Every structure is written in structure tokens, then in C-alpha cells.
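# Return a 3D structure for these sequence lines:
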Amino acid sequence: MRHDGKRAPAGRGARRAVLLAAGAAAFGAMLATPAWSQSFTDRFKSLFGGSSSEPAPTISNGPAPETDLTCPPVTIRPGAATYAVGLPGKEASGNDLRYQVVIGRTARECNLNSGTITAHIGIQGRVIAGPAGAPGTVEVPIRVAVVQDGVSPKTVFTKAYRTVVNMGTDGSVPFSLVTEDVVYPAPSAAANDAYVFYIGFDPQALKPEPRARKKK
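Below you'll find the model as predicted:
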């Protein structure tokens, strides 16, 4: 699969017992990146390539039969591309807006091993302070799901992640997340094209887990 998302012509050289990894966009230069987040940038470059002009890297995990499976695209769920927080009891708009979080870039890589796919999904965005003033630290809640789309979509994997951002005094701070534990059974070749990595902000992930009921 090419970086532009179009399927490359089939051929033995293009199907080497792996899933093709493709970045929706390179993570090298989203905006000016402060020193504290350089390690994230280095990691993105290592996983997904430092330039959108580079060919998609091939991911291998030892000898295996040829496969037509490809790494699913990353799609932001409708209505979950931004996350805004206002003052207590106020709508997150106008002068009552404390901060807003947006997703800027995504990338992914997939590895097939013994019938199981392990996917690393990278997400980068920004936390922007609002007129009401952001707190010193902000928790960013993101849900990642593997879905087999169709008339009746099937969720294959889903998990909520939280990353903490120190706001500082700039008023606009980048955040980064790379999943390490997105694992699911490899689909059939016929179902492969229906698979999608859905991402989006999930404020419900910040709510505490309900307490377990004590046995009488």
C-alpha cells in the first residue's frame, strides 16, 4: 500500500509475509516541538518514517506464507475529533472555554505473527488553552477501536487511553500517543478491506471505575 492510501499493484515483491505499514502523515514536523517531546518524535520517525515522501516500510516478523492483508486505515469517528472543556457548570464555548484538544496527525503499523495482528497506532495533536484558562495539567482521553465495518459493524477490539499534558505558559501544547497493546485475530482476506482503526476523544474514559459491590 502506498502512502497516498491507494493499493499498489499485486506482486510477490509487495506481499512478503507481512502487513504493509503506512502512515497517514509523518510525525516529524507537526509544528514547533518542545524539547520534552522530542522522544515522541524520535519514536514516530522510528515506527512510521520521518518523511511522507518515503516509501511505506515493510514490517516483518520472521518467515511466513505470503498474504494479501494490509494495515487498516485510521479514521476519526464523527463528532470525536475535538474535546472541549469549560468552567464547572458552563458550556465549553466563548469565555467559559478552559481548553480544547484536537487531533492533528495519525499513523499506524501492523505486524502479523501466528494468525494475530499487533498494531501500533500513533496519534498526535494539541491542547489549546481557552479564555477561561487551562489547568496546569490536562488529561487527554482517547479511545482506539478495531472495527469490521459493514451493514452491522462489529467491534473487534476497543480500549480507552489517557495521556497527561503539562500545559506550561505557551497556551498551545502538543500531545502524543502510541498504542502498544492493540492485538486482534487476523481477518480473512475477504474481510480485510472492511477493517478500520477508529479513534476519537472519549470523555467517559476519565470517569472513575464504579466500585465493586461488597458481598454480604
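# For the strand of greatest length in the chain, list the C-alpha coordinates in CSV.
The longest strand of the chain (DSSP state E) is strand 97-113. The C-alpha coordinates for strand 97-113 follow below in CSV (Å, rounded to 0.1, in the frame of the first residue of the first chain):
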residue,chain,number,x,y,z
LEU,A,97,-13.9,27.6,27.5
ARG,A,98,-10.9,26.3,29.6
TYR,A,99,-9.2,24.3,26.8
GLN,A,100,-9.8,22.4,23.6
VAL,A,101,-7.9,19.3,22.4
VAL,A,102,-7.6,18.5,18.7
ILE,A,103,-6.2,15.6,16.7
GLY,A,104,-3.6,16.6,14.1
ARG,A,105,-1.9,13.6,12.6
THR,A,106,-2.1,9.8,12.7
ALA,A,107,-0.1,6.8,11.6
ARG,A,108,-0.1,3.1,12.0
GLU,A,109,1.9,0.0,11.6
CYS,A,110,0.8,-3.6,11.7
ASN,A,111,2.6,-6.9,12.2
LEU,A,112,1.3,-10.4,11.5
ASN,A,113,2.5,-13.3,13.6
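# helices and strands around that strand, which ones?
helix 38-48, strand 74-76, strand 82-86, strand 116-129, strand 137-148, strand 195-201 (3 or more C-beta pairs under 8 Å, 6 or more residues apart in numbering; DSSP states H and E). Glycine gets a C-beta too; all of them are placed from N, C-alpha and C.
# quick one: low-confidence parts of the protein?
1-67, 208-216 (pLDDT under 70).
# okay but residue 160 is in contact with residue 140, surely?
No. Applying C-beta atoms under 8 Å, one finds residue 160 not in contact with residue 140, separated by 11.0 Å.
# Those two: which is more packed in?
Applying other C-beta atoms under 10 Å to residue 160 and residue 140 shows that residue 140 carries more neighbours, namely 22 against 14.
# and the more buried one, how far is that from residue 134?
For residue 140, the distance to residue 134 equals 12 Å [C-beta to C-beta, to the nearest Å].
# residues in contact with the closest residue in space to residue 181 that isn't next to it in sequence?
Distances taken as C-beta to C-beta, 6 or more residues apart in numbering put residue 159 closest to residue 181, at 7.3 Å, once the chain neighbours are dropped. When contacts are counted by C-beta atoms under 8 Å, 6 or more residues apart in numbering, residue 159 touches 143, 144, 145, 179, 181, 182.
# Specify which member of these is nearest to residue 203.
Comparing the contacts of residue 159 against residue 203 with C-beta to C-beta places residue 143 closest, at 9.9 Å.
# who does that closest one bridge with?
Using DSSP bridges, the beta-bridge partners of residue 143 come out as residue 160, residue 200.
# Thought residue 205 was touching it, still the case?
Yes. Assessed by C-beta under 8 Å, residue 143 is found in contact with residue 205 at 6.4 Å.
# So which of the two has more stuff around it?
Between residue 143 and residue 205, counted using other C-beta under 10 Å, the more crowded position is residue 143 (18 against 15).
# Who are the contact partners of that one?
Residue 143 touches 80, 158, 159, 160, 161, 198, 199, 200, 201, 202, 205, counting by C-beta under 8 Å, 6+ apart.
# Make a PyMOL selection of whichever of these turn out to be buried.
The buried subset of the contacts of residue 143, as determined by 16 or more other C-beta atoms under 10 Å, is captured in PyMOL by this line:
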select buried, resi 80+161+198+199+200+201+202
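# Thank you kindly, that will do.
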